[in-house]
Every structure is written in structure tokens, then in C-alpha cells.
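Engineer: Got a sequence here, can you model it:
(one chain, ligands or ions: 1)
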Amino acid sequence: MKKICVLGSINIDLVTKAIEFPIPGETIPGIEFNTFPGGKGANQAVAASKLGAEVIFLGKIGNDVFGEMALSALIEAKVDTRYIKKEDISTGVASITVNKSGQNSIICVPGANGMIDVAYVKANKKAIDDADILMLQLEIPIETVEWAAQYAFTNNKLVILDPAPARKLSKALLSNCSFITPNETELEIISEIKVLNVDSLESAKQALIQQGVSTIVHKCSSKGAYLLTKDDQLLIPGYKVEVVDTTAAGDSFNAGLAVSLAQGKGTEESIQFANAVGALSVTKIGAQSAMPTMSVVMEFIKKNN
Ligand code: RIB
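Structural biologist: Residues are numbered from 1 along each chain as shown. The predicted structure is shown next:
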């Protein structure tokens, strides 16, 4: 299997379960509170490693107990953490509320993630050199993502960008990605087109293709995911499961996609596999704690196809 490098955020997630989200000015009772390792980068790394890939991580923790907790989780998941640097600042923290339907709302304080600068990645670019696939998300400074994508893409690596949290992206970054994997909100923000039907989806796709993206994998939760290329608009159906917590569904989807591509599988098959990984991850509470192993995913696909 090909090797994966993940460059991205490490957080500790402070997760409160409540019946509904509070409205501004309101205090409501919560049902349950948990502290989980999270962060989009770390989640993707743990998920890919749990699926059996060799994963090396580029990122930073802070000088606090949360940093140690997050690092332990990565080590426990057998992610190669040798390049992770500790900064004299707090570790990234995500304050998450999950409602009774499993939807979430998240406030992220970047802490050490905000210090992942281009100089750090340049100094540790061997991690990218040694990998075949680079996974990126947007919880670290954008100029770092841009530099890493360009470096990896020009060195013939497969670059998978999860454009989350959503923001407008430069043409340069888009043209240095082999795959981008937006959900609906992200697709609308990146393309600046409201996606309401297959026609507007086609317009959003064309807008991104004109900016140099070659393959868009548009995540649509339980509906599945669209494979959008210059000539194609293909829905690969998802799986219906009982939702407990949607946190990190996108991260597990991306990990599934990367691992399947790392195994040499085709894009459509890889999206189907990613749909299954994403579906399984929402059946449990938490981010990394909810990521399935390869045998669990294979069993699930066998039962549900
Ligand atoms: O994608 C889910 C992640 O987003 C959470 O683990 C949280 O840390 C936020 O970064």
C-alpha cells in the first residue's frame, strides 16, 4: 500500500451532548460531557492508520496536558509522530455541542495549529517526500496549505484537499490538488454558486474545473458522494445508518478515500469505500474514537451492498 502524509490540525474536542443547541443568551441543561482527541488533521491520520495505512503526521501540539493527550492518541493509533513539534502555547481546542439528531456546532481555538508555518513544513518536507499521498484540510494557516500542496503536487504526489472549514480558495491551491472533497456548504463557498439541483451542481463543478481542479468528490452525507470530473457527474450512493454523532464524518470519508486510493483502487470504488467509512463513523460518539477498522468496514460493505 502507498504511504500517506497528513499535514494538519491537532485538537482536543470538548463535547457536550444536549437535546437542542442553546440560542444566544440561553442556558440549557446538557446530557453528557466527554473529552476526545480530535482536529481534522489528526482525525484523518488516525482514521487512515486504523484502516491499515502507513501514516506520517506533520503538525503541532501546545505545551499543556491536552497536547500530551492528543499525542498519545496518535501514537496509540500507530501514526508516525516523529515530526510533531511542541510550541509554547495552548493545544488546539474544539468546543463541540451535539444535539439529539447527532448534528454538531463547533468553535475551534487554533492554539498551536496556528503556528504551523511554511518554515516548519519546509524543514520537515522529508515527511512529504517519503509519502505518495498528501492529505490536507484548512484548520492551519492557508499559506502553509498552499505551499505544501504545490510542493507535493510538483513532486508527483497525490494531493487530497478537504476544504474544511469552508473558505474561498486561490486558483493556485485548487490547481495543485488531485482531489478536493467539499460538502455542500464548502462547494458553494469555493465555487461561489448556490447548489440547488443538478444544473447548479454542474455550474459549480465547471467553475472549479476552470480554476484547475481535476477531480471533485462532493460529499452529500447519507445520500453518498458525487464524483465530478470534466466529463462526469456521477452519484455514488451512501449508506443509511443510525446517527449518533456526525463529528468527523468528513474526516473519516477522506481517510477512506485516501486509503482506498493508496491500495491502488479506482476512484469510484474508493468513493464507495469512503462512503462506508464515513457512515460507520457517525454511529458512535466522538471523532477518533468513532473511526472503524478495515475489517469492520469490509463486513459493513458486505452486509449492505
Ligand atoms: O472534523 C471534526 C473536527 O473538527 C473535530 O474533531 C474538531 O476538532 C474540529 O476540528
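
Engineer: Next one, pLDDT for the nearest residue to Ser72 once chain neighbours are set aside please.
Structural biologist: Nearest non-adjacent residue to Ser72, counting by C-beta to C-beta, 6 or more residues apart in numbering: Pro37, 8.0 Å away. All C-beta atoms are positioned from the backbone trio N, CA, C, and that covers glycine. On the pLDDT scale, Pro37 is placed at 96.

Engineer: OK, contacts around Pro37?
Structural biologist: The neighbours of Pro37, taking C-beta atoms under 8 Å, 6 or more residues apart in numbering as the test, are 10-13, 46, 69-70, 72-74, 287-289.

Engineer: A strand includes it, no?
Structural biologist: Yes - with DSSP: H, G, I helix; E, B strand; the rest coil as the criterion, Pro37 is part of a strand.

Engineer: That one and the ligand, how far apart?
Structural biologist: According to C-beta to the nearest ligand atom, to the nearest Å, Pro37 and the ligand sit 8 Å apart.

Engineer: beta partners for that residue?
Structural biologist: Note on Pro37: beta-bridge partners by DSSP bridges are Ile12.

Engineer: if we can go back for a sec, sort out which of the contacts of Pro37 are buried, if you could.
Structural biologist: Buried by 16 or more other C-beta atoms under 10 Å: Ile10, Asn11, Ile12, Asp13, Val46, Met69, Ala70, Ala73, Leu74, Ala287, Gln288, Ser289, out of these.

Engineer: Just the ones in strands from these, please.
Structural biologist: Applying DSSP state E to the buried ones among the contacts of Pro37, the entries found in strands are Asn11, Ile12, Asp13.

Engineer: Can you add distance to the ligand and pLDDT and give those back as JSON lines?
Structural biologist: Shown next, in JSON lines, are those (distance: C-beta to the nearest ligand atom, whole Å; pLDDT from 0 to 100):
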{"residue": "Asn11", "distance to the ligand": "4", "pLDDT": "97"}
{"residue": "Ile12", "distance to the ligand": "8", "pLDDT": "97"}
{"residue": "Asp13", "distance to the ligand": "5", "pLDDT": "95"}
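
Engineer: Those residues into TSV, with extra columns for distance to Ala172?
Structural biologist: Shown next, in TSV, are these (distance: C-beta to C-beta, whole Å):
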residue	distance to Ala172
Asn11	27
Ile12	33
Asp13	32
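
Engineer: now, which of those residues sits nearest Lys50?
Structural biologist: Lowest distance from Lys50 to these (C-beta to C-beta) belongs to Asp13, with 17.2 Å.
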